[in-house]
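> Make a model of this:
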Amino acid sequence: MAVPKNNHTKSHRNRRRMHLFIKPTALSVCPKCKKALRPHTACLSCGFYKGMEVLDVFKKLTKKEQKAKQKEIKTAEKKGGKKDEMSMEKMSKK
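The predicted structure is shown next:
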């Protein structure tokens, strides 16, 4: 069985592992509905990507849910003047 010649101190061990950690995900804000989303992906709440609608969000919803979703999107568009930056702490609360 292999045995180490010298003890590795905690500081040497930890310095070796400096790059082994979980990095926070980069988030951007959807320009249409102002929800946080990952970069280079279509928004799952409104279906837009780079100003064009690429997903039909209302297709799978019932009529009642469609009306509620459309109302939610319109209110988000009206609030559009205020840009709320989402941080990791805010995202973890939701």
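
> contacts, neighbours, all on C-alpha from now
Will do.

> any idea where the helices of the chain begin and end?
10-16, 63-78, 88-93 (DSSP state H).

> out of these, deepest packed?
Comparing the helices of the chain by mean neighbour count (mean count of other CA atoms under 10 Å), helix 63-78 ranks first with a mean of 13.

> separation between Cys33 and Tyr49?
In this view, Cys33 and Tyr49 are 11 Å apart by CA to CA, to the nearest Å.

> To clarify, my last question referred to Ser11.
Ser11 sits 46 Å away from Tyr49, going by CA to CA.

> same check, this time on Asn7
54 Å.

> One more: Arg17?
In terms of CA to CA, Arg17 sits 38 Å off from Tyr49.

> Between these two, which is the more surrounded one?
Each of Arg17 and Tyr49 has its neighbours counted (other CA atoms under 10 Å); Tyr49 has more, 17 against 10.

> Make sure that one is actually in contact with Pro39.
No. Here Tyr49 does not reach Pro39: they are 10.0 Å apart, not a contact under CA atoms under 8 Å.

> before we move on, the earlier item: worst mean pLDDT among the helices of the chain?
Sorting those by mean pLDDT places helix 88-93 lowest, at a mean of 66.
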